[in-house]
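K.L.:
Model the following, please.
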Amino acid sequence: MLCKNRVQALYRALLLTAASLALTPAAYAQAQAVATPSAASGTIELDEVSVLSDRRLQSPIETLGGVSIVTRSEIERFNPNRIDEVLATIPGVSVAPYDDDPATSVNIRGLQDSGRVNVMIDGARQNFQVTGHNAGGSFYVEPSLLAGVDVIRGPIANAYGSGAIGGVVAMRTLGIDDLVNPDEQSAMRFGTTIGTNGPNGLVNLEAGTYLTDNADIYGAFALRRNNDYNDGAGNTVDNSGFDVQSGLLKARFRPAEGHQFELAGILYDTTFDSATAGGDPRDTDVTNSIYRLGYTFNPVDSQLVDLNLNIYRTETDYRQKLQDGSGDRRAVDIATTGFDVYNSSIFDVSPTVSTTLTYGVDAFQDNVKTSSDYDTTPLFNPAGERTLYGGFVQALFEYEDLIDFTVGGRFDHYDLSSAANPDNKGERFSPKVSLGVTPIQGFQVYGLYAEGLRAPTLSEALVSGFHPAPAAFEFLPNPALKPEVGRTWEGGINLSYDDILQDGDAFRAKLAIFQNDVDDFIDMESIDRPGVLNPCVAPGPFGRCFARLPMDAVTYVNINEARIRGAEIEAAYDWGWGFTSVAGTYTQGEDKETGNPLDSIFPATVATTIGFRALEDRLSYGARWRWVNAKSVNDVSDPAMATSTYNLVDLFLAYEPNEDTRFDVSLKNVFDLDYVQYTGGPSIDVAAAPGFEAKFGVSFKLGVPKK
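P.N.:
Numbering: from 1, shown residues only. The predicted structure follows:
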C-alpha cells in the first residue's frame with residue numbers, strides 16, 4: 001500500500017507540473033506559432049556517442065568490442081509494449097519470453113540469469129529474481145520512458161561492476177534535455193497510443209522547466225493497458241494482459257562551475273494475472289522503485305578530473321494472491337543498495353601518445369525477504385544478504401590515429417550469508433587487454449582478452465525444499481558453490497566510410513568473432529540417490545504408481561568448463577533519403593566435459609531494416625524483417641524446448657508536420673504468423689507469440705521560449 005501511495009503522489013506532482021506549464025500564457029502563444037519543420041538527423045546509431053565499455057564517451061564504431069546503442073528514435077519507431085521487442089534485434093542479444101508477466105530477461109552471447117548480464121537503469125542495478133519456471137533473473141521498466149539503451153557484450157565491461165561475464169544492458173531514462181530545446185525555458189509533451197491485439201492504450205505526459213540557469217526539474221509518467229493477445233492461429237493467450245503505471249522525477253543543481261548534482265526517483269507498478277505452468281491463477285502486483293543521487297565534477301580547465309558518483313537503491317516488491325477465494329498470499333522482496341564512483345584522467349606520455357586513465361570503485365548489497373501463507377516460496381527463494389565490492393583501473397594509450405592499446409583489470413570480493421548456512425566468500429583479480437590497429441582510414445582491426453567473475457546468488461547456493469506435487473522432487477542446497485570465471489577472446493573489424501556512392505552517404509559496420517570459456521559454470525543437476533524413492537507423477541488406485549520421475553532431487557553444481565563461441569555482424573548505410581541496417585548473430589555452446597549443448601544458447605538470428613524519408617524528411621517509413629533459425633531436439637536437453645524457424649515482418653511510418661507534432665503507425669507480424677519463441681531453459685506450456693498487431697500514436701509538445 002505504501003508503494004501505491006508513492007506512485008499516486010508522484011502522478012499528482014507530475015500533473016500539477018504539467019498544468020502549471022500549460023496555463024502559462026506564453027505556452028499558448030508558442031502553440032499558435034508556425035514551427036519550422038524538423039529534419040531527420042540521419043545519424044547512424046553506430047555513430048551515436050554514449051558512455052560505453054570503459055566508462056568513456058565513445059561511439060560504437062570506435063569501440064574495441066561488441067557494443068550497440070539503441071536510440072530514442074529506434075524505440076519510438078515500433079512503440080514496444082516491453083523493451084524486449086527492441087533488445088531482441090541487437091546482435092548477440094536474445095530475450096526469454098514471458099507469457100504471463102511483463103518482466104524482461106536478457107541473454108547475451110548465451111549467458112543469462114543470476115546477474116550474468118548486469119542490467120542497470122540510470123546506473124542502478126536490477127538484481128530481481130524469483131525461482132520458478134521462468135528465467136532466473138528479470139527486470140521491469142516502461143519502454144516509453146526510456147531515452148536509450150547501451151548494450152555491451154562480454155566481460156569487457158567490468159568497469160560497470162561485478163558479475164557481468166555475459167555483458168551489460170545500461171538503460172537511460174528520459175530527462176529534461178530530451179524535452180526542452182536550448183532556446184526554451186520549459187516545455188510539456190502529451191502523447192497517446194491505441195492498438196489492436198493486446199495494446200489497449202498508452203498515455204504519456206512529460207513536463208520540464210529550468211528554474212534558474214543552474215537548476216532544472218523534469219517529470220514524466222506513463223499509463224499503459226494491455227489486454228490478452230491472440231496468437232497467429234487466432235487463439236487467445238490467457239493471462240497475457242497487464243496494466244502499468246510508471247513515472248519519474250528528476251532535479252538537477254549546479255552550485256558551481258563544473259559541479260552538478262542530480263536527484264532522481266523512478267516508480268514502476270504493474271498488475272497482472274499469473275498462472276505459471278498451468279497452476280492456480282494468482283493476482284500479481286509488482287512495484288519497482290529506484291532512488292538515486294548522482295554527482296559529477298568536470299572542470300573545464302583540467303583534463304585530469306572527470307569524476308562521476310552514483311548512489312542508488314532499487315526495491316522490487318513482488319506480491320501474489322491466489323484467486324481460489326482463500327486469499328492466501330506470498331511475497332518476494334529484493335532490495336539492492338549500492339554506489340559506484342570513477343574518474344578519468346587524460347594526459348600525454350609523449351608528443352605522439354595520449355593516455356586516458358580510468359579508475360573507480362563500486363559496491364552493492366542484495367537483501368532478500370520472502371514470505372508465504374501456502375507454499376514453499378521461502379524455501380526456493382532463501383532470505384539473506386549478498387555483498388559484493390570491487391574496483392577497476394585501466395589505461396588507454398593512443399598512438400596518433402594508428403594504434404589503440406588498453407590494459408587494466410578488476411578486483412572483486414563477494415560474501416553470501418544467511419541465518420541457516422555458513423558464509424560463502426571469495427575474491428579475484430580479472431585482467432583485461434585490447435589492441436586496435438587502423439592501418440588505413442576507415443578500417444580498424446582489433447583483438448582483446450578479458451576475464452570476469454560472477455558470484456553465486458543466494459537462490460543458487462541456498463535453495464532448499466520440495467517441489468509441489470505431483471513432481472515432488474527435492475531441491476538440495478549447495479552453500480559451497482564456487483564463483484564463475486569467464487575468459488573471453490574476441491577479434492573484430494570496425495569499418496567507417498563516408499561519401500561512397502554519393503555525397504553525404506555513410507556506411508558503418510562491426511564484425512566480430514568470440515570465444516568465452518566459463519570455468520565453474522553454475523548449472524542445475526538432476527540426482528537419483530540410492531535408497532530414495534523417486535516421486536510419482538502418475539498415481540494409480542490402491543497406492544500404485546504408473547510413472548515416476550527419473551530423479552529424486554536437483555541441486556546447483558559447478559561445471560568444470562562451458563565454452564561458448566559465436567560471430568556477430570552489425571552494419572548500417574544511410575544515403576539521406578533512405579537508410580538500411582542489418583544485425584546478425586550465430587552462437588554455439590557446450591559443456592566441455594560432457595559435450596552436451598547448453599540450453600542457454602539461443603538460435604541464430606538476422607534482423608534487417610530498410611526505411612525512406614520524404615517531404616523534407618518530415619515523413620519516414622519502412623519495414624523490418626527478422627529471421628530466427630530453428631532449435632532442433634539435438635540442441636536442447638528437453639525435446640519439448642525445440643522450436644521451428646520463423647520469419648517476422650513489421651512495418652512503420654512516422655510523420656512530423658512540424659517540430660512539435662508527431663504521428664506514428666506500426667504494424668507488427670503483418671502476416672499473422674503463428675510461432676513459438678525459444679525460452680533459453682526448461683519451461684512448461686510456453687504459449688505462442690502474438691499475431692498481427694497494429695498501433696497508432698500521436699504526440700504534441702508545447703514550449704515556452706526563454707525570456
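K.L.:
Against L495, how distant is the residue nearest to F429 when sequence neighbours are not counted?
P.N.:
Residue nearest to F429 in three dimensions, not counting chain neighbours: F411, with 5.0 Å by CB to CB, 6 or more residues apart in numbering. Just so you know, the C-beta spots here come from the backbone N, C-alpha and C atoms, and that holds for glycine as well. Applying CB to CB, to the nearest Å, one obtains 36 Å for the distance of F411 from L495.
K.L.:
how about the helices of the protein, start to end?
P.N.:
Assigned by DSSP state H, the helices in the chain fall at 2-22, 25-32, 72-78, 84-87, 377-380, 458-462.
K.L.:
Bridge partners for the residue nearest to F429, pull those for me.
P.N.:
Following DSSP bridges, F411 is listed with bridge partners G391, F429.
K.L.:
Could you report the pLDDT at it?
P.N.:
The predicted structure scores F411 at 94 on the pLDDT scale.
K.L.:
Pull the number of nearby residues for it.
P.N.:
As a burial measure, the neighbour count of F411 was computed by other CB atoms under 10 Å and equals 17.
K.L.:
Going by neighbour count, which residues of stretch 378-390 are buried?
P.N.:
Using 16 or more other CB atoms under 10 Å as the test for burial, stretch 378-390 gives 378-384, 386-390.
K.L.:
Of all residues in the protein, which one is nearest the centre?
P.N.:
When CA atoms, centre = their mean is applied to the chain, the residue found nearest the centroid is V169 (4.5 Å).
K.L.:
check contacts around it.
P.N.:
Residues touching V169, when contacts are defined by CB atoms under 8 Å, 6 or more residues apart in numbering, comprise 87, 106, 108, 117-120, 149-151.
K.L.:
Highest neighbour count among these?
P.N.:
Counting neighbours by other CB under 10 Å, V106 comes out on top of these with 30 neighbours.
K.L.:
just checking, A512 touches T488?
P.N.:
No - with contact defined as CB atoms under 8 Å, A512 does not count as touching T488 (10.9 Å).
K.L.:
just the strands in the stretch 401-550 of the chain please.
P.N.:
403-417, 424-440, 443-454, 465-466, 474-476, 484-498, 506-527 (DSSP state E, counting those that start in this stretch).
K.L.:
Compare the mean pLDDT across those and name the weakest.
P.N.:
Mean pLDDT, when computed for each of those, is lowest for strand 465-466, at a mean of 76.
K.L.:
burial count for V698?
P.N.:
Counted with other CB under 10 Å, V698 comes out at 14.
K.L.:
where's the nearest residue to it once chain neighbours are set aside relative to D333, distance?
P.N.:
When the adjacent residues along the chain are set aside, V698 lies closest to F663, with 5.3 Å between them (CB to CB, 6+ apart). Here the distance between F663 and D333 works out to 42 Å (CB to CB).
K.L.:
same thing with T406?
P.N.:
T406 sits 40 Å away from D333, taking CB to CB as the criterion.
K.L.:
Check L653 too.
P.N.:
L653 sits 43 Å away from D333, taking CB to CB as the criterion.
K.L.:
What of F514?
P.N.:
Separation of F514 from D333 (CB to CB): 37 Å.
K.L.:
higher neighbour count, the two?
P.N.:
Residue environment comparison for F514 versus D333 gives the larger neighbour count to F514, 22 against 18, counting by other CB under 10 Å.
K.L.:
Which residues are in contact with the closest residue to that one other than its chain neighbours?
P.N.:
Take F514 and drop its neighbours on the chain: the residue closest to it by CB to CB, 6+ apart is E490, 4.2 Å away. The neighbours of E490, taking CB under 8 Å, 6+ apart as the test, are 65-66, 154, 156, 447-450, 512-515.
K.L.:
residues contacting the closest residue in space to N214 that isn't next to it in sequence?
P.N.:
Ranked by CB to CB, 6+ apart and with sequence neighbours excluded, the top spatial neighbour of N214 is R254, at 4.2 Å. Residues touching R254, when contacts are defined by CB under 8 Å, 6+ apart, comprise 214-215, 260-261.
K.L.:
Check what pLDDT R254 gets.
P.N.:
According to the model's per-residue confidence, R254 sits at a pLDDT of 97.
K.L.:
That one and T212, how far apart?
P.N.:
The spacing between R254 and T212, counted by CB to CB, is 9 Å.
K.L.:
Out of the contacts of R254, name the ones that lie in strands.
P.N.:
Among the contacts of R254, the ones falling in strands (DSSP state E) are 215, 260-261.
K.L.:
so which of the residues you listed comes closest to D317?
P.N.:
For these, the residue nearest D317 by CB to CB is F261; the value is 28.0 Å.
K.L.:
Just list whatever residues bridge to the closest one.
P.N.:
Per DSSP bridges, the residues bridged to F261 are F253, Y295.
K.L.:
Also R125?
P.N.:
Note on R125: beta-bridge partners M120, judged by DSSP bridges.
K.L.:
for it, what are its contacts?
P.N.:
With contact set as CB under 8 Å, 6+ apart, R125 has these partners: 118-119, 161, 312, 314, 336, 338, 364.
K.L.:
returning to that earlier point: so the residue nearest to F429 touches E427, yeah?
P.N.:
Yes - proximity of F411 to E427 meets the contact threshold set by CB under 8 Å, at 7.1 Å.
K.L.:
How many neighbouring residues does the closest residue to D47 other than its chain neighbours have?
P.N.:
What sits nearest to D47 in space, not counting adjacent residues and going by CB to CB, 6+ apart, is S59, at 5.1 Å. Burial of S59 is recorded as 20 neighbouring residues (other CB under 10 Å).
K.L.:
how close does the closest residue to D528 other than its chain neighbours get to P456?
P.N.:
Counting by CB to CB, 6+ apart, the nearest residue to D528 once its immediate chain neighbours are dropped is M551, at 4.8 Å. Counting by CB to CB, the separation of M551 from P456 is 22 Å.
K.L.:
from what I can see A363 touches Y389, true?
P.N.:
Yes - taking contact to mean CB under 8 Å, the distance of 3.5 Å between A363 and Y389 places them in contact.
K.L.:
For stretch 661-668, give the mean pLDDT please.
P.N.:
Summarised as a single mean, pLDDT over stretch 661-668 is 96.
K.L.:
If I look at Q8, what pLDDT would I see?
P.N.:
For Q8, the pLDDT comes out at 47.
K.L.:
Next up, the contacts around L396.
P.N.:
Neighbour list for L396: 54, 56, 355-358, 404-406 [criterion: CB under 8 Å, 6+ apart].
K.L.:
measure Y229 to W625 for me?
P.N.:
Taken as CB to CB, the span from Y229 to W625 is 21 Å.
K.L.:
again, but for F380
P.N.:
Relative to W625, and taking CB to CB, F380 is found at 41 Å.
K.L.:
ok, now which ones touch the residue nearest to A538 when sequence neighbours are not counted?
P.N.:
For A538, ignoring the flanking residues on the chain, the nearest one in space by CB to CB, 6+ apart is A547 at 3.8 Å. Under the criterion of CB under 8 Å, 6+ apart, the contact partners of A547 comprise 536-538.
K.L.:
Drop anything exposed from those.
P.N.:
For the contacts of A547, buried by 16+ other CB under 10 Å: C536.
K.L.:
Now tabulate the contacts of A547 in TSV and tack on pLDDT.
P.N.:
Formatted as TSV, these follow (pLDDT from 0 to 100):
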residue	pLDDT
C536	87
V537	82
A538	85
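K.L.:
Surely V286 touches Q320?
P.N.:
No - taking contact to mean CB under 8 Å, the distance of 9.3 Å between V286 and Q320 leaves them out of contact.
K.L.:
between the two, which one's more packed in?
P.N.:
Neighbour count, other CB under 10 Å: between V286 and Q320, V286 has more, with 26 against 22.
K.L.:
Contacts only, for that one.
P.N.:
Residues 103, 140, 268-271, 316-319 are the ones in contact with V286 under the rule CB under 8 Å, 6+ apart.
K.L.:
Could you give the bridge partners of it?
P.N.:
Per DSSP bridges, residues listed as beta-bridge partners of V286: T270, Y318.
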